[in-house]
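A.B. asks: Sharing a model that was predicted from the sequence below.
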Amino acid sequence: MAAAIERVGTAIIDDLDGLYRFALLLTGDRHRAEDVVQETAVRALAAADSFRGDASARTWLHRIAHNVAIDTARRSSRAIPTADVEALWQDERYSVDTAEVVGRAGDREELQDALLRLPEDQRTAVVLHDVDGWTVAEVAAATEVSLPAAKQRLRRGRMALVSALAAGPQRRRQTQGTPMRCWDARRLISDYLDGDLPDVEVGTVEAHLRGCPTCPPLYAALVGVHAAVGRLRDPDAVVPRTLAQRICEVVGSSADAPRPGA
């Protein structure tokens, strides 16, 4: 048990800045982020003996942090229901003003505010994948869902982020003469963006984008917002010294505590 606590304690200290950045983007508040990190450390140390190394320590710790954030979050009334976003993107007349959306994404406060309007599971997928550079497989492992489910959360989260950033009257135009329905193309755009589509589908999506009057602005907005989200990774967003000291005290006290039967 002592060895397990020492191993987990070391992993917590090594990943402290990453956990703090993750919590900060999930909560949007430095005080709440500190609470999430501290509670993550407490839960991880309490469960140290159950960590078998099936996943990396980083994945395991982020899984705990994700659960802590969900457990402690007050559900925001501004969150965009998944069904509403899907309904918008399935409507072939729906589009956005690319310049306006990407411009708002370039404003860090606007982007973070829009990110907070995503449901927690989608926000986690977008933050881990597009900000921290995790693979979809790593996101799936950290959130304990299947690979297709993680891809779906990422796709929905990206769509919801664009819709959250869109402001003013939405441009609606009729679509004619395209090689596939808009929704069929739009549900593939996230994989297209990541280079995960087979060549035959790439060709069909690109043909659709060339002929559709509404999908190109949505795709261009996805590309622009995706790039802006990636820039949220701030190397200067290190864990506050006071929080680091508290975590070290938690780790140290757990390591020094007498064990049953010792």
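C.D. replies: The structure has been received and is ready for your questions.

A.B. asks: Determine the set of other helices and strands touching the helix or strand containing Arg32.
C.D. replies: According to DSSP states H and E, Arg32 maps onto helix 30-46. Judged by 3 or more CB pairs under 8 Å, 6 or more residues apart in numbering; DSSP states H and E, helix 30-46 is in contact with helix 2-14, helix 16-27, helix 57-72, helix 241-256. Bear in mind the C-beta positions are built from the backbone N, C-alpha and C, glycine included.

A.B. asks: Give me the contacts around that helix.
C.D. replies: Here helix 30-46 makes contact (CB atoms under 8 Å, 6 or more residues apart in numbering) with 5, 8-9, 11-12, 16, 19-20, 23-24, 26-27, 51, 60-61, 64-65, 68-69, 72, 239-240, 243, 246-247, 250-251, 254.

A.B. asks: Quick check: buried residues in stretch 38-57?
C.D. replies: 38-41, 43-45, 48, 51, 55, 57 (16 or more other CB atoms under 10 Å).

A.B. asks: before we move on, back to that, out of the contacts of helix 30-46, which are buried?
C.D. replies: With neighbours counted by 16+ other CB under 10 Å, the contacts of helix 30-46 contain buried members at 5, 8-9, 11-12, 16, 19-20, 23-24, 26-27, 51, 60-61, 64-65, 68-69, 239, 243, 247, 250-251, 254.

A.B. asks: out of the buried residues of stretch 38-57, who's nearest Thr214?
C.D. replies: Nearest to Thr214 among these, counting by CB to CB, is Ala55 at 41.0 Å.

A.B. asks: Figure out the helix or strand that the residue lying closest to that closest one once chain neighbours are set aside lives in.
C.D. replies: The shortest distance from Ala55 to any non-neighbouring residue, by CB to CB, 6 or more residues apart in numbering, is to Ala141 (5.2 Å). In the assignment (DSSP H and E), Ala141 maps to helix 136-143.

A.B. asks: CA atoms only for that helix, dumped as CSV, please.
C.D. replies: What follows is helix 136-143, C-alpha atoms only, in CSV (Å, rounded to 0.1, in the frame of the first residue of the first chain):
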residue,chain,number,x,y,z
VAL,A,136,-9.2,10.0,-29.4
ALA,A,137,-8.2,6.6,-28.0
GLU,A,138,-6.7,8.3,-24.9
VAL,A,139,-9.8,10.4,-24.5
ALA,A,140,-11.9,7.3,-24.6
ALA,A,141,-9.7,5.6,-22.0
ALA,A,142,-9.7,8.6,-19.7
THR,A,143,-13.5,9.0,-19.8
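
A.B. asks: and the angle for it with helix 57-72?
C.D. replies: Helix 136-143 and helix 57-72 are oriented at 50 degrees to each other (axes from the mean of the first three to the mean of the last three CA atoms, to 10 degrees).
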